[in-house]
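>>> Sharing a model that was predicted from the sequence below.
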Amino acid sequence: MNTSRMIARMESFPGAVRAACSGLTPEDALYRADAKSWSILEIVCHLADEEELDFPTRLERTLNDPGAPWEPIDPEGWAVKRRHRDANLAEQLDRFASLRARRIAWLRTLENPDWSTTHQHPKLGAMRAGDLMGAWGAHDALHLRQISKRLYELALRDAKGYRTDYAGLW
């Protein structure tokens with residue numbers, strides 16, 4: 001695993017999210033194309049929640065005590081319970097960036113971690129520390145794609161009545 005490349009991308013990711021969100025009105029940040037989709041604001045809140053409660057916490061536990069159970073997570077429930085739709089986008093971007101900076105600093109303190117250290121997940125089976133590290137980086141990319149899709153949907157909404165196919169198809 002090339003952790004230095006992964007860490008570098010993960011470190012720059014909050015800036016990419018912030019750039020993607022620049023210029024959004026509060027209404028645009030809350031836009032959903034359908035009832036099942038998350039808005040950009042909800043995605044940013046989710047990223048911060050995951051940074052606080054999921055990937056780094058589970059990775060650290062796996063490296064230090066692989067037999068210990070993981071705390072349960074509930075991203076969809078957090079979105080409701082933590083009132084993501086009422087949050088402030090700028091504050092959530094700052095929250096995510098701050099949490100990520102602390103997590104990157106922690107990752108850089110690891111000396112030769114054993115990425116093969118394995119936690120037995122009750123549903124997913126064997127989860128190696130390296131699997132978690134890889135998934136953490138991939139999670140960033142998936143949500144940047146999701147934010148890009150919302151921006152595309154906003155363009156379609158705002159161009160209503162005019163063709164957008166010249167741009168290419170999603």
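Okay, I see it.
>>> Check whether residue 56 really touches residue 136, as I assumed.
Yes - Residue 56 is in contact with residue 136 according to C-beta atoms under 8 Å; the separation is 7.4 Å. (Each C-beta comes from the backbone N, C-alpha and C, glycine too.)
>>> Where do the strands of the chain begin and end?
Assigned by DSSP state E, the chain shows strands spanning 118-121, 125-128.
>>> I'd like to know which of the ones you listed lies nearest to residue 147.
Of all those, it is strand 125-128 that lies closest to residue 147, at 26.7 Å by C-beta to C-beta.
>>> Neighbouring strands - and their directions - for that closest one?
The pairing partners recorded for strand 125-128 under DSSP bridges are strand 118-121 (antiparallel).
>>> measure residue 28 to residue 41 for me?
Using C-beta to C-beta, to the nearest Å, one gets 9 Å for the distance from residue 28 to residue 41.
>>> cool, and residue 127?
Residue 127 sits 30 Å away from residue 41, going by C-beta to C-beta.
>>> Neighbour count for these two, which is higher?
In this view residue 127 and residue 41 are compared by other C-beta atoms under 10 Å, and residue 41 has more residues nearby, 25 against 19.
>>> who touches the more buried one in this structure?
Residue 41 is in contact with 29, 30, 84, 85, 87, 89, 92, counting by C-beta atoms under 8 Å, 6 or more residues apart in numbering.
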